[in-house]
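K.L.:
pasting a predicted model and its sequence here:
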Amino acid sequence: MRKAPMLVGILLVFGFLSADSLAQLRKKNWEIGGYVGQAFYATELELNDENLFGLRVAYSITKWLGVEVSFDRSSTEVDTAGSTLLSLGPLPGEEFSMDVDTFKVDFVINAASGHRRWRGYALVGLGRIEFNENQDFIPGVVQPGNTSSSIFDIGGGARWFLTDLISFRADLRLEYALGDAFSNLKPTVGVSFHLGGEGARDLDADGVSDVKDECADTPSGATVDIHGCTSDSDNDEALDGLDQCPGTPEGWPVDDVGCPTDADGDEVPDGADQCADTPEGARVDDQGCPLDTDKDEIFDGLDECEGTIEGAVVDGVGCPIDSDKDGVFDGIDQCEDTPTRVVVDTVGCPVDSDKDGIFDGLDQCPGSVPGTRVDETGCPRIRPAVGEKLILEGVVFDPGSDILARDSYPVLDEVLITMQYYDDWKFEIQGHTDSDGMVDANQSLSDRRARSILRWFLDNGIDPERLTSKGFGESTPLTDNLTDIGKTRNRRVELLRTQ
């Protein structure tokens, strides 16, 4: 029997090998069961090793500590003389039958276990063993010896749970007699029923007890079926119960919590986004593709000038460029480099409404009669100020008469344009002669010549209220009359603006 302590030690170590967490053990639980086994008696008892049967009742005080009361019986025989159970041994060849009853009260120390069905434990306690002869002894020949003894019990074992309420047990116990110094070894197997107490152990806390759980180590919070297995209704690899976005369309990429990813941040999930890598801030359609409502190649949301006319050239933020500042955008402007302030048409080309060669906007005299010769400001070239007197160079008459020479008409046409354009201006036509001839004759000639020009303007539509005429004869020469050149200068017609 010296190997018995070693065997018990091995079984105790085996029972505690899988220790993980006491928190999963049950407390306040009753256990009722039966068991069978083999009794290996101490050599000095001279008993045959026999089968045994027994009953046990246990109660778990805490998750790791319980109390067990057990009783077992083995029917055996004393088959050799010299047993310590007899004071006088039997005659050679005689045998005596005997029942061996054992009562024990043990503490059960539960081992923590990470396994769903297996759990180890150790036992230590005290008890009583009784040897009951089943026949009368022959006085003076055979007398009973030690028939009972207090024992110290130590052992261990393991349970295997068939269901939450039923488990199988395998024990190995060493019973050491306190007063008689013998020890018995008893390996047993049995079945137990578990009643009351806290709920069955559920290591992964999924609501399905370990013995029913076909899918151990379920993540906390995951929804499981009756077998303790997780589900993934939307097939996104994020378990139901942990999936914060249930119902994700199949095939969409999701993050760790089961929500669709949106790598480009356009609020269209990657699984539906047909235009990945959309620039941040761009507005997109239902398929995640950037919108460009005005077709300027700058996406809506990034376009700071939405509604740009199609075809216009834009800058980096989608605003139309107008290089010549004429109000018509580049790309639409068919006349680039238009001068500043020039009025343009819808395609950016300068407008010259009066066809005088000076663009509107620069033309200070819009509305000139077509064909009018104007200066660089677009105004008639003859523009005297009030009180200013102009010599009408080129206006000549037939010698000694008031008949206009045809060469005079171009000059008078230009004056006529001025009078027509500035229709509120008033003028005095002044005639002058040289000193040839009589003074009175020259005075009369100058009057007639001035009236002749006045009549020409009247004939061409000028209001007579705006014109007067006057002759000055030879009284206001520009130079002397000593030379033909001087005389020619002095023979002149002048235009005085009076209003």
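P.N.:
Perfect, I can see it now.
K.L.:
going by C-alpha atoms from here, please, whenever you check contacts or count neighbours.
P.N.:
Will do.
K.L.:
how about Val36: what's its closest non-neighbour residue?
P.N.:
Counting by Cα to Cα, 6 or more residues apart in numbering, Val36 lies nearest to Phe53, which is 4.3 Å off, once chain neighbours are set aside.
K.L.:
how close does the spatially most distant residue from the centre of the chain sit to Leu445?
P.N.:
Residue farthest from the centre of the chain, counting by Cα atoms, centre = their mean, is Met438 at 108.9 Å. Counting by Cα to Cα, to the nearest Å, the gap from Met438 to Leu445 is 11 Å.
K.L.:
and the helices in this protein?
P.N.:
Per DSSP state H, the chain carries helices over the ranges 4-16, 409-421, 439-459, 484-490.
K.L.:
and the last one, how far from the chain's centre?
P.N.:
Same thing as helix 484-490. How far helix 484-490 lies from its chain's middle: 96 Å, per Cα atoms, centre = their mean, to the nearest Å.
K.L.:
wait, Gly431 touches Glu474, no?
P.N.:
No - Gly431 is beyond contact range of Glu474, at 9.4 Å (criterion: Cα atoms under 8 Å).
K.L.:
neighbours around the closest residue in space to Ala216 that isn't next to it in sequence, how many?
P.N.:
Nearest residue to Ala216 in three dimensions, chain neighbours excluded: Asp204, at 6.6 Å (Cα to Cα, 6+ apart). When counting by other Cα atoms under 10 Å, one arrives at 21 neighbours for Asp204.
K.L.:
what's the pLDDT at Asp204?
P.N.:
Looking at Asp204, its pLDDT is 75.
K.L.:
cool, Gly93 as well?
P.N.:
Looking at Gly93, its pLDDT is 52.
K.L.:
do the one 5 residues further on as well
P.N.:
We have a pLDDT of 86 for Met98.
K.L.:
how about Gly199?
P.N.:
For Gly199, the model assigns a pLDDT of 67.
K.L.:
before we move on, what about the one 10 residues further on?
P.N.:
Ser209 is assigned a pLDDT of 73 by the prediction.
K.L.:
list the contacts of the residue nearest to it when sequence neighbours are not counted.
P.N.:
With sequence-adjacent residues excluded and distances taken as Cα to Cα, 6+ apart, Ser209 is closest to Asp202, at 4.5 Å. For Asp202, the contact set (Cα atoms under 8 Å, 6 or more residues apart in numbering) comprises 24, 116, 208-210.
K.L.:
isn't Gly33 up against Val57?
P.N.:
Yes - between Gly33 and Val57 there is a contact at 6.7 Å, judged by Cα under 8 Å.
K.L.:
identify each buried residue in stretch 462-475, please.
P.N.:
Neighbour-count burial for stretch 462-475, counted by 16 or more other Cα atoms under 10 Å, picks out 462, 466-474.
K.L.:
repeat that for stretch 222-239.
P.N.:
Neighbour counts over stretch 222-239 (16+ other Cα under 10 Å) mark 222-224, 227-232, 234-239 as buried.
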